[in-house]
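In: Just a sequence and a predicted model for now, questions to come.
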Amino acid sequence: MIRAIKLDGNTVGTGVCQKGGFLDWLEDESQRKTHERIIMNKIKKTTVAKKALAMVRKDHPWVTKVKDATKPLTLVVTPEQSAAAKPLHPCYCAIALSTIGATTNEPGFEGLTCTAPIITKTTVYLVFGKTALRYKNPPSAQAQVDNFDIGRGFTPGTYVLRPFGTSSTLGPRRYPQPSRNRAINLVTGKPYPKTKVRDRRPTTMQGYAKLLEKKLGAAA
């Protein structure tokens, strides 16, 4: 937590309070701001992951980790599952019933089956062992969930759960850094070739007069 450091009632700086009551702060302004920015970025990156894990553990306390899925998962909702689903319940909707016993082709999850799901309007959590995989709920399934919760029923069919995009993942954001000297061609991924700067020639009589005056002054 970032706190203000006060001595005799006057604020003299800020610091980062770590575990154990240890207060680490730097007198140099630039170093202090850099230190605070790093801490705040770590807090922001882990806030979404902590909230997701807390929500999953509320119904499934044995889960120890939430991980973003990297490959899509196809689900088939049958009429029997649609009839047996319970409205307004994230663990017993039609999509949730269709995921029970489903397998995934995620690396490291071979041979595991889904034992417990949590379905929200935009996110689907599927529990494999002690890890919950996080998928994006497709728009077609979102509309069906809204209709089902107000008593209109859930249409059986095939729904594809897809991974979240790069900007919505749980981990840190990583973006390619462009070259400082030359722009990057987005098609080839390589810097544009260097271009030679041509001499600007005057195009009017007034411009020629100024250029001649400049050359005569330099020769004198």
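Out: Looks like it arrived, so ask away. Numbering: from 1, shown residues only.
In: all strands in the chain, in order from the N-terminus.
Out: Secondary structure of the chain (DSSP state E): strands at 2-7, 10-17, 23-24, 65-68, 73-77, 116-119, 123-128, 131-136, 157-161.
In: which strands and helices sit next to the fourth one?
Out: What that stands for is strand 65-68. Counting contacts by 3 or more C-beta pairs under 8 Å, 6 or more residues apart in numbering; DSSP states H and E, strand 65-68 is packed against helix 29-59, strand 131-136. Glycine gets a C-beta too; all of them are placed from N, C-alpha and C.
In: same deal with the last one?
Out: With contacts defined as 3+ C-beta pairs under 8 Å, 6+ apart, the packing partners of strand 157-161 are strand 73-77, helix 139-149.
In: could you redo the last one with a cut-off of 6 Å?
Out: Helices and strands touching strand 157-161, by 3 or more C-beta pairs under 6 Å, 6 or more residues apart in numbering; DSSP states H and E, are strand 73-77.
In: For V127, see how far away T113 is.
Out: Separation of T113 from V127 (C-beta to C-beta, to the nearest Å) stands at 10 Å.
In: neighbour count winner among the two?
Out: Legend: neighbour count by other C-beta atoms under 10 Å for T113 and V127, higher for V127 (21 against 14).
In: From A83, how far out is V77?
Out: For V77 relative to A83 (C-beta to C-beta), the value is 11 Å.
In: Same question for G217.
Out: According to C-beta to C-beta, G217 and A83 sit 95 Å apart.
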